[in-house]
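Visitor: only the shape, not the letters, is given here:
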């Protein structure tokens, strides 16, 4: 059984789908690669943002719930999502975000790398971490960000926890991660793969338990190569006493879910079959895609979903 190959995707709750698309697609330059629905709640969109082709390790996805209550940050949840950016791009991103009225904080150095932090429109914490060797992605040539400054997939995810030891044991003994040090109550674990290889566990015993809502991360998914390897992980996770779901068909990948010892929902997802199975790469995200078992409900579903528009990319002002 091969080690986990880093983060596959991260899924969170949003409120207004229009604000979500404007922020991630038009401002951050993450291509909307799939417009579909939550297979467990077909009246809700599932929006996927990533590099040009939707590579695992670049995928941030959202369930938009208009009018829903904000989540309460706390222990047992994902506290921050971090992207890789090239060294030398901190100034570009600081200026781009502040021009849009977004409050950014910089000056922090974490394990020797500079960090820029800010929140998305729903208050979800995001981080940009400058590294010498950012992961390889499939660039979105027609996107709003110059290639030399574009986000380079995930750097890491930060888990908020009451204790790091049980999560550390899961990551190192079962999932193939290596302990990489501790810094100010933050324990770092590094896995295989070039995209999203880092998991940080930040310990704060005074934090209350987090409550899910708008602005909360629902789960973090980790990469495994194929279905057979996924089943091996399911067997191993069950063997160490975790309650793991059966394999679930998510159309673009297969998934199993379980809660790690501090309560964060984990998923292990297969790399394939990928996002080009129901629309060509150049048209990814352009129309609403439904799984075959819900296609007969298309008219009913489209009446429920709130409309949004993908605004054209203005290359000149976007690159300024």
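Guide: Noted; the coordinates are in hand. Since the structure is predicted, the reported quantities are computational estimates derived from the model, not experimental observations.

Visitor: my guess is residue 12 contacts residue 61. True?
Guide: Yes - counting by CB atoms under 8 Å, residue 12 touches residue 61, with 7.5 Å between them. All C-beta atoms are positioned from the backbone trio N, CA, C, and that covers glycine.

Visitor: bridge partners for the most centrally placed residue in the chain, pull those for me.
Guide: In the chain, the centroid-proximal residue (CA atoms, centre = their mean) is residue 10; its distance is 2.6 Å. When assigned by DSSP bridges, residue 10 has beta-bridge partners residue 60, residue 220.

Visitor: which ones are touching it?
Guide: Contacts for residue 10 (CB atoms under 8 Å, 6 or more residues apart in numbering) come out as 59, 60, 61, 78, 81, 154, 157, 217, 219, 220, 221.

Visitor: make a ChimeraX selection of the buried ones in the residues you listed.
Guide: Restricted to buried positions by 16 or more other CB atoms under 10 Å, the ChimeraX selection for the contacts of residue 10 reads:
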select :59,60,61,78,81,154,157,217,219,220,221
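
Visitor: out of the contacts of residue 10, which comes closest to residue 303?
Guide: Proximity of those to residue 303 (CB to CB) peaks at residue 61, which lies at 23.2 Å.

Visitor: ok, that closest one touching residue 47?
Guide: Yes - between residue 61 and residue 47 a contact is recorded at 6.4 Å, counting by CB under 8 Å.

Visitor: how about low-confidence regions in the stretch 51-200 of the chain?
Guide: Along the stretch 51-200 of the chain, segments meeting pLDDT under 70 span 134.

Visitor: now the helices for it?
Guide: 90-99, 165-169 (DSSP state H, counting those that start in this stretch).

Visitor: save those helices as TSV, and put in distance to residue 22 too.
Guide: Converted to TSV, the helices of the stretch 51-200 of the chain look like this (distance: least, CB to CB, whole Å):
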stretch	distance to residue 22
helix 90-99	14
helix 165-169	35
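
Visitor: quick check: next helix or strand after the longest helix that the chain contains?
Guide: For the chain, the longest helix by residue count, based on DSSP state H, is helix 227-239. Next in sequence after helix 227-239, counting helices and strands by DSSP states H and E, comes strand 248-249.
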